[in-house]
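Student: attaching a predicted model along with its sequence, questions to come.
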Amino acid sequence: MNEKSETAHQSDCIISTSRLTKAFGKLVAVNDLHLEVMQGDVFGFLGPNGSGKTTTIRMLLGLIRPTAGRVVMFGMDTTYQLPAILQRVGAIVETPVFYPYLSGIDNLLAVAAASGMRSGKANRRRGEEVLELVELRIQAKMAYRKYSLGMKQRLGIAAALLTDPELVMLDEPTNGLDPSGMFEIRQLIHRLAELGKTIFLSSHLLNEVQQVCNRVAILQRGNLIKQGNVGELLRGNEQVLVRLNAPEETQAALATLRGARERGADWISNVVVEPNRQGQPTLRIDAPKARSAEINALLASDNLFAAELHPYEGSLEEIFLQLTTPNTNGGRRGMAGFASGGQEPYAFHPYNNAAPVLPNMPERAGEGRVDLP
Amino acid sequence: MNVSPQIFASTERSASVVMGRQDYLSVVLRLIGMELYKLRRRAMSKVLGIIAIVLAVLPFALVAFGTFATANAPAGSFAPSCQSIGPNGQPQQGPPPSCPTPSPAQVAQERQSIVQNTSAPLRLPDALNVAVQYGLIVGIVLLVILVGTIAGGEYATGTIRLLFIRGPTRTQFLIAKLGASFVVIFIGMLVMTALGVLTGQLFNPVSGVAQSGAFWSGAWIGHALLYLFIAMLNWFMFAVIAIFFATLGRSTAAGVVAGISWLFVEPILGSVLTLLGNVSKGALGDFLKAIPNYFIGTNFSALLTDQWQYLSLNSSSTPAVSVVHAVIVLLVYFAFFIGLTWWINKRRDVTN
């Protein structure tokens, strides 16, 4: 990267961490984290429970001090310029907590004063605006202690948006919300992103993250194991599912695909044969879905005609599980298959909303599978 | 959700967000306002306020009742006490035959003298002393409960996270808590003292003794204000102790228990040390007896006694330690507690 583009990169970088580490005694909660969030990103921050997501968010917001490394936000170091940084950030960390004896609007007025907003009618109006936004206007004068979990979450989001910040950090914002509430949060995030706000979203709901985020980072046991563009990650996970009419045809198709690969079709990486719920063998081919027609043609050239063919985009959930769960395929090995680079052929768990479920696929890992000698 | 484009702005803040001045003092003043707003909206503040008002009036009402009872006591209560002594030196039943019967004028004079002494706390300047000294126990207990709650409650409910991610520094938040405490003390002290003095004036006609105006002067008012200010600092010291322990223990209970314990344990400990010093004698005895001179109570008491000499018409009490000694010791206490609270507050990781 030349100097000019590096400067441009730095000015676009809203959050940058380098070698960020936090240890609680012997427990290393976050280890050597390098994170980059660019301006306008809707950045998904993923990881299993205890992976260090909230610890990272706390370090970004100055709630806890890093053991090592540094955080730069808006080009400023959090160690020295935290107040100036926080004025440009709206955040909820874990379950939002407010003063139980104050009403929703009074809590927002307290937050407004703490955020440097002038007291008076103008900011009361602003409070009412954000309460309207999260559909709490009717309950504005109700004591916070009487709020349901979903209402508390909404008030947290309202507080985060109160000052119309450039960066919105949301830690599990849909906790306690019903499906329509979740949908509304997604809409809100889209809208904020359209306005050029940068969103940092930590969530367990991978489908939700896939729908709203353009970039993600995946954390496991405090280590960053993947960071990148969602589209690119998903493209690397595309598959084509093919079912043929007879088991012997499936074996023949496997041979055809292996042959094609040996002849230079290196876009075919892993191929695994899995049974569907009716026990019918099905080929799961790791290949770009744009190659579906090519795969069909390849098989047809050997007089193998697909009974079913599904181009499959893959999902963030699969990538997440593959990266964070030991032995992701859960001991699932195909009935047969081959893999690039001499690796074991693997299969993803197909049961998620985004993935087309193979008809009558067995529920439990390994069930109904036969490893061929 | 209704996301209209006016609510958010793409580059600068939306026009509906009105920011205040961001200089250090303005931020602190706004935070003090926020703390006072929260206090005003708490049911607990109102309950403690009502208790403070009742307790401020109570001693004066009791003195008035005592005065009324004395003024209306039967004449026999004011007769000089006589007792006959037997030949073996033992007291005998019934008054001796030589015991003089007081005249009605003597009874009236004796009654007047006792009523005047009993009712003295109802009138200035004694009323000021009673109100302040009484407030130094009752007021401090109530204050410690309130301040312990505003400091420790942030940790107990988890709202400390909400505050620390909004922009102001942790030091500004601490100053705001201390500032809000001082405002509460200022109002509390003035209200309790004024109520006490007014109650005294209201009940004073019961005694039949007129309020003297002999002490009034510019200097007296100046000393009275200084006396009140020292008493406020005494309250503030305990507020600082409550904030320190509430911050250290991350809980309301820690601040309240430590503050109240300090208030009551210190005089007991002082008495025990003095007693041990008297028993031990020698260098060790002197050392033990000198320790209470470095207690908070002793030093504030010295400052108050020093001012009371100017306020009272017939004060004969002298401070236990010099004013300079008291000021230095109390400054060290303030610096220690505020400094340590600041350090803990600044360095602490805010987790669950």
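Tutor: Sure, I can see it. Numbering: from 1, shown residues only, chains lettered A, B, ... in the order given.
Student: what is the burial count for residue A:136?
Tutor: The local packing of residue A:136 (other C-beta atoms under 10 Å in any protein chain shown) involves 23 other residues. Glycine gets a C-beta too; all of them are placed from N, C-alpha and C.
Student: quick one: residue B:273 and residue B:295 touch, right?
Tutor: No - Residue B:273 lies out of contact with residue B:295 (C-beta atoms under 8 Å); the separation is 9.1 Å.
Student: which one's more surrounded, these two?
Tutor: residue B:295 (20 against 17).
Student: residues in contact with the more buried one?
Tutor: By C-beta atoms under 8 Å, 6 or more residues apart in numbering or on different chains, the contact set of residue B:295 is B:266, B:269, B:270.
Student: and those, which of them are buried?
Tutor: residue B:270 (16 or more other C-beta atoms under 10 Å in any protein chain shown).
Student: from the contacts of residue B:295, pick the one nearest chain A.
Tutor: residue B:266 (33.0 Å; C-beta to the nearest C-beta).
Student: ok so the closest one is a strand residue?
Tutor: No - counting by DSSP: H, G, I helix; E, B strand; the rest coil, one finds residue B:266 to be helix, located in no strand.
Student: list the contacts of whichever strand or helix holds residue A:254.
Tutor: Take DSSP states H and E as the rule and residue A:254 turns out to sit in helix A:247-262. Helix A:247-262 has contacts (C-beta under 8 Å, 6+ apart) with A:242-244, A:268, A:271, A:273, A:280-283, A:285, A:295, A:298-299, A:301-302, A:304, A:336-338, A:340.
Student: ok, the residue in the stretch 201-350 of chain A that chain B sits nearest to - contacts?
Tutor: Nearest to chain B, among the residues of the stretch 201-350 of chain A, is residue A:212, at 13.9 Å (C-beta to the nearest C-beta). Shown in contact with residue A:212 (C-beta under 8 Å, 6+ apart): A:42, A:44, A:186, A:189, A:190, A:193, A:199, A:201.
Student: pLDDT score for it?
Tutor: As predicted, residue A:212 sits at a pLDDT of 87.
Student: ok, now which ones touch the nearest residue to it once chain neighbours are set aside?
Tutor: Counting by C-beta to C-beta, 6 or more residues apart in numbering or on different chains, the nearest residue to residue A:212 once its immediate chain neighbours are dropped is residue A:189, at 4.8 Å. Listed by C-beta under 8 Å, 6+ apart, the contact set of residue A:189 reads A:42, A:170, A:199, A:201, A:212.
Student: tell me the confidence at residue A:189?
Tutor: 84.
Student: which residue, other than its chain neighbours, is closest to residue B:48?
Tutor: Residue B:48's closest residue in space is residue B:142 (C-beta to C-beta, 6+ apart), at 4.9 Å.
Student: which residues of the chain score low on pLDDT?
Tutor: In the absence of a named chain, this looks at chain A. Residue ranges of chain A with pLDDT under 70: A:1-11, A:326-373.
Student: could you do chain B instead?
Tutor: B:1-11, B:75-87, B:89-100, B:102, B:313, B:315, B:352.
Student: near chain B, which residues of the stretch 101-250 of chain A? Just list them.
Tutor: With C-beta under 8 Å from any C-beta of the partner chain as the criterion, the stretch 101-250 of chain A meets chain B at residues A:101-102, A:106, A:109-111, A:113-120, A:122-123, A:125-126, A:129-130, A:132-135, A:159, A:161-164, A:184-185, A:187-188, A:191-192, A:195-197.
Student: is it true that residue A:113 touches residue B:30?
Tutor: Yes - the criterion here is C-beta under 8 Å, and residue A:113 meets it with residue B:30 at 5.2 Å.
Student: which SS state does the most far-flung residue of chain A relative to its centre fall under?
Tutor: Centroid-distance maximum for chain A: residue A:303 at 41.6 Å, with C-alpha atoms, centre = their mean. With three-state DSSP as the basis, residue A:303 sits in coil.
Student: which ones are touching it?
Tutor: So residue A:303 contacts nothing (C-beta under 8 Å, 6+ apart).
Student: what does residue A:270 show for phi and psi?
Tutor: Dihedral pair for residue A:270: phi -110, psi 140, per degrees, to the nearest 10.
Student: can you check residue A:117 too?
Tutor: phi -80, psi 150.
Student: from residue A:51, how far out is the residue nearest to residue A:212?
Tutor: 22 Å (C-beta to C-beta, to the nearest Å).
Student: now swap in residue A:187 and tell me
Tutor: In terms of C-beta to C-beta, residue A:187 sits 28 Å off from residue A:51.
Student: same deal with residue A:252?
Tutor: 44 Å.
Student: of those two, which one has the most company?
Tutor: Applying other C-beta under 10 Å to residue A:252 and residue A:51 shows that residue A:51 carries more neighbours, namely 22 against 16.
Student: my read is that that one contacts residue A:225, right?
Tutor: No - Residue A:51 is beyond contact range of residue A:225, at 9.3 Å (criterion: C-beta under 8 Å).
Student: which residues do these two both contact?
Tutor: A:219, A:324.
Student: host element of residue A:183?
Tutor: Using DSSP H and E, residue A:183 falls in helix A:179-194.
Student: next secondary structure after that helix?
Tutor: strand A:198-202.
Student: helices or strands up against that following strand?
Tutor: Contacts defined by 3 or more C-beta pairs under 8 Å, 6 or more residues apart in numbering or on different chains; DSSP states H and E place strand A:198-202 against strand A:27-38, strand A:42-46, helix A:53-60, strand A:167-171, helix A:179-194, helix A:206-212.
Student: which residues touch that strand?
Tutor: A:14-15, A:37-46, A:53-54, A:57, A:60, A:166-173, A:189, A:192-193, A:209, A:212-213.
Student: drop anything exposed from the residues you listed.
Tutor: A:14-15, A:37, A:40-46, A:53-54, A:57, A:60, A:166-173, A:189, A:192-193, A:209, A:212-213.
Student: now do the shared contacts for residue A:113 and residue B:30.
Tutor: In contact with both residue A:113 and residue B:30: residue A:119, using C-beta under 8 Å, 6+ apart.
Student: and the next element down the chain from the helix or strand harbouring residue B:160?
Tutor: Using DSSP H and E, residue B:160 falls within helix B:159-164. Under the assignment DSSP H and E, the closest C-terminal helix or strand after helix B:159-164 is helix B:170-203.
Student: buried sites along that following helix?
Tutor: Quick answer for helix B:170-203 (16+ other C-beta under 10 Å): B:170, B:172-182, B:184-185, B:188-189, B:191-193, B:195-197, B:199-200, B:203.
Student: any idea how far it is from the chain center?
Tutor: How far helix B:170-203 lies from its chain's middle: 10 Å, per C-alpha atoms, centre = their mean, to the nearest Å.
Student: one step back: gap between the helix holding residue B:160 and the chain center?
Tutor: Distance, centroid of helix B:159-164 to centroid of chain: 31 Å (C-alpha atoms, centre = their mean).
Student: do stretch A:222-232 as well
Tutor: That offset, for stretch A:222-232, works out to 9 Å (C-alpha atoms, centre = their mean).
Student: quick check: buried residues in that stretch?
Tutor: In stretch A:222-232, counting by 16+ other C-beta under 10 Å, buried: A:222, A:224, A:226, A:227, A:230.
Student: so of these, which ones are in strands?
Tutor: Using DSSP state E to define strands, the subset of the buried residues of stretch A:222-232 located there is A:224, A:226, A:227.
Student: between those, which sits nearest residue B:12?
Tutor: Minimum distance to residue B:12 across these is 30.2 Å, recorded for residue A:227 (C-beta to C-beta).
Student: for the closest residue to that closest one other than its chain neighbours, helix, strand, or coil?
Tutor: Distances taken as C-beta to C-beta, 6+ apart place residue A:217 nearest to residue A:227, at 4.2 Å, with adjacent residues excluded. Three-state call for residue A:217 (three-state DSSP): strand.
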